[in-house]
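Undergrad: Next input, structure requested:
(one chain, ligands or ions: 1)
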Amino acid sequence: MESNVRVRFAPSPTGPLHIGGVRTALYNYLFAKKYNGTFVLRIEDTDQTRYVTNAEQYIIDALDWCNIPFDEGPGKNEKFGPYRQSERKDLYKQYADTLIKTGWAYYCFDTSEELDAHRKGHEAEGKTFIYNWHNREKGRLVNSLVLTDEEVQNRITSGKNFVIRFKTPQDEVLKMEDEIRGNITIDTNTLDDKILFKGDGMPTYHLANIVDDHLMEISHVIRGEEWLPSMPLHVLLYRAFGWDAPKFAHLPLILKPVGKGKLSKRDGDKLGFPVFPLEYTNETTGDVSRGYKEDGYFSDGFINMLAFLGWNPGTEQEIFSLEGLVEAFDLKRVSKSGAKFSPDKASWFNQQYMQSKNDAVLTDLYLPILTEKGISTNKEYVLKVVSSIKERAVFVNDFWDLSSFFFETPTEYDAKTSKKNWKEGTSKLMTELISVISSIEDFSSTNTEKVIKEWITAKEIGFGKVMQPLRLSLVGKLAGPHLFDIITMIGKQETINRIENAIEKL
Ligand code: GLU
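TA: Numbering: from 1, shown residues only. Modelled structure (predicted):
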């Protein structure tokens, strides 16, 4: 049965979703599923100046790839819809008006030039200008707290630009509770009177966010730490409206792998890892940012890695399926301090997931890569290749490097290795080996190994004298899985051809 737990992921469509945003979505999803609740996607697009057209679709595609679908949102179960704030635009004004009527908000007519002058004046005296209790009623600022009702109405009807600000209560120690951070107190005299509504008819983030969380019956607000400074205003807004506030949980920041501060796209570019789930093309500049998906990460491994950036289950276990995460997740185990992002750990998770993936699944991922390289082969053969190389692979994109010799005769031989291993007498030895191989009837891995090793032993020479040049002939370098597995896979004729090639070229 559905519970009263309703959480929302409320991104602003200003660009691609950073992995910090994906983690916020993930924690909301895990929390919702754990309590049989509802995970809502709300698009907070009230700031038209920062609006990017392909961003909303990017967010939806990213959640889709991560396999953390929303239950309600644009185009889906719209019972509390619409879920795009731009489509709810007409709704917010009445709430701003209510706050004016109840004395919790006021009109301000100060022009930006006037405000700038106040700021500069304060700076000159080494002070910071804050629009709040301190100066709002002194007469220097032009607002409905000092103007008469008539003056206010005249200004509005004559089309003078205005904003509506929240009238923060004075002299109060506001007590708040965060599910992760515990009790927080703040002196309301340090807060500024934030703008709730703008003259262009649009609400600001603060007003729209609170009104929508209330109307959408959100029970828990789980969001990034960067919104913690907004919490006092939000708590006060709930009080002003006479509404019950949801519970709040502010997630820790995701930090740079080295140095201090928040993980940025620049860190990714510098150290060579993506900070976005999917590849993203900037519509104006055409710049392409890499994505985890395109870089060959498995989405389940990616999600597992993200879950651990700021949370831990309290045990040693690190590998969790999505269902396992739902079961183990607990807001109380989310840390207060920032979580350092580790590209190595991200690869490690992928490697773990690689090992646990079914060979048939990996084969299906490898086949299109082979087709693109113009390799025509059969699925059964690829399946065998995959099972022999997967333990050395971190990404599907590594498969080709690890296995090209299963499909193509080497055309080059590693120079250093050749010099060291292809000595005088090697060609003669390899020619003899060709005749040994030609005579093998049962070409299974175990039998070829047995015959060739017996021959080496009978010749009373070191194994390396034959095995290294043989590997070099077949692979082009000293790498790859068990040599006799390669031999049976590529077959007798191809083995002989490759040895002949090496004799000719080395
Ligand atoms: N629109 C805000 C953002 O872009 C949402 C903050 C919140 O969850 O309240 O992150």
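Undergrad: C-alpha from now on. contacts and neighbour counts both.
TA: Fine.
Undergrad: For the residue in the stretch 201-350 of the chain positioned nearest to the ligand, list the residues it contacts.
TA: Residue nearest to the ligand within the stretch 201-350 of the chain: Arg223 (4.8 Å; C-alpha to the nearest ligand atom). When contacts are counted by C-alpha atoms under 8 Å, 6 or more residues apart in numbering, Arg223 touches Phe9, Thr24, Ala249, His250, Leu251.
Undergrad: Tell me the secondary structure at it.
TA: In three-state terms, and counting by DSSP: H, G, I helix; E, B strand; the rest coil, Arg223 is strand.
Undergrad: Return the distance of it relative to Trp311.
TA: Per C-alpha to C-alpha, to the nearest Å, Arg223 is found 14 Å from Trp311.
Undergrad: now do Gly182
TA: 16 Å.
Undergrad: what about these two, which has more around it?
TA: Trp311 (20 against 11; other C-alpha atoms under 10 Å).
Undergrad: Not counting its neighbours along the chain, what's nearest that one?
TA: For Trp311, ignoring the flanking residues on the chain, the nearest one in space by C-alpha to C-alpha, 6 or more residues apart in numbering is Val334 at 4.3 Å.
Undergrad: I figured that neighbour hits Ile180, correct?
TA: Yes - with contact defined as C-alpha atoms under 8 Å, Val334 counts as touching Ile180 (6.4 Å).
Undergrad: what's the overlap in contacts for the two?
TA: Leu251.
Undergrad: Same drill for those two, tell me which one is more crowded.
TA: The neighbour comparison of Val334 against Ile180 (other C-alpha under 10 Å) goes to Val334, with 23 against 19.
Undergrad: Contact partners for that one?
TA: Ile180, Leu251, Pro252, Gly310, Trp311, Asn312.
Undergrad: Go again with 10 Å.
TA: Val334 makes contact with 27, 179-181, 249-252, 307-313, according to C-alpha atoms under 10 Å, 6 or more residues apart in numbering.
Undergrad: Got the phi and psi for it?
TA: phi -90, psi 130 (degrees, to the nearest 10).
Undergrad: ok, how many other residues are close to the residue of the stretch 351-500 of the chain found nearest the ligand?
TA: With C-alpha to the nearest ligand atom as the measure, Tyr353 is the residue of the stretch 351-500 of the chain nearest to the ligand, at 30.3 Å. Counted with other C-alpha under 10 Å, the neighbours of Tyr353 add up to 21.
Undergrad: all helices for the stretch 351-500 of the chain, in order.
TA: Counting by DSSP state H, counting those that start in this stretch, the stretch 351-500 of the chain has helices at residues 359-372, 379-389, 399-403, 415-421, 426-438, 445-459, 463-475, 483-490, 492-505.
Undergrad: Centre of the chain to the longest one, how far?
TA: On the basis of C-alpha atoms, centre = their mean, to the nearest Å, the separation between the geometric centre of helix 445-459 and that of its chain is 52 Å.
Undergrad: Now Asn135: closest residue in space that isn't a chain neighbour?
TA: Using C-alpha to C-alpha, 6+ apart, the closest residue to Asn135 is Leu141 (7.3 Å).
Undergrad: Distance of Arg84 relative to the ligand?
TA: 11 Å (C-alpha to the nearest ligand atom, to the nearest Å).
Undergrad: List phi and psi for that residue.
TA: phi -100, psi 130.
Undergrad: The nearest residue to it once chain neighbours are set aside: how many residues sit nearby?
TA: Leaving out its chain neighbours, the residue that sits closest to Arg84 by C-alpha to C-alpha, 6+ apart is Ile43, at 4.7 Å. For Ile43, the neighbour count with other C-alpha under 10 Å is 22.
Undergrad: try Thr431
TA: 15.
Undergrad: That one contacts Asn501, doesn't it?
TA: No - counting by C-alpha atoms under 10 Å, Asn501 is not a contact partner of Thr431; they are 11.1 Å apart.
Undergrad: before we move on, back to that, the contacts of Arg223 into JSON lines, with extra columns for neighbour count?
TA: Output for these, formatted as JSON lines (neighbours: other C-alpha atoms under 10 Å):
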{"residue": "Phe9", "neighbour count": "24"}
{"residue": "Thr24", "neighbour count": "23"}
{"residue": "Ala249", "neighbour count": "24"}
{"residue": "His250", "neighbour count": "23"}
{"residue": "Leu251", "neighbour count": "29"}
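Undergrad: Quick check: strands, which of those are part of them?
TA: Phe9, Ala249, His250, Leu251 (DSSP state E).
Undergrad: Could you report the separation of the third one from Thr188?
TA: To tie it back to what came earlier, the one meant is His250. In terms of C-alpha to C-alpha, His250 sits 20 Å off from Thr188.
Undergrad: again with the first one
TA: Distance, Phe9 to Thr188, using C-alpha to C-alpha: 28 Å.
Undergrad: cool, and the second one?
TA: Ala249 sits 21 Å away from Thr188 when distances are taken as C-alpha to C-alpha.
Undergrad: what about the strands in this protein?
TA: Using DSSP E, strands in the chain cover 6-9, 38-41, 105-108, 163-166, 173-178, 182-187, 195-198, 220-224, 247-251, 254-255, 280-281, 288-289, 339-340.
Undergrad: Parallel or antiparallel, which strands does the last one pair with?
TA: It refers to strand 339-340. Sheet pairing here is set by DSSP bridges, and for strand 339-340 it gives strand 254-255 (parallel).
Undergrad: mind listing what the nearest residue to Glu279 once chain neighbours are set aside touches?
TA: Using C-alpha to C-alpha, 6+ apart and skipping the chain neighbours, the partner closest in space to Glu279 is Gly291 (4.0 Å). Gly291 is in contact with Ile19, Ala62, Phe273, Pro274, Val275, Phe276, Pro277, Leu278, Glu279, Tyr280, Tyr297, counting by C-alpha under 10 Å, 6+ apart.
Undergrad: List the beta-bridge partners for Gly291.
TA: Bridge pairing for Gly291 - DSSP bridges - gives Phe276.
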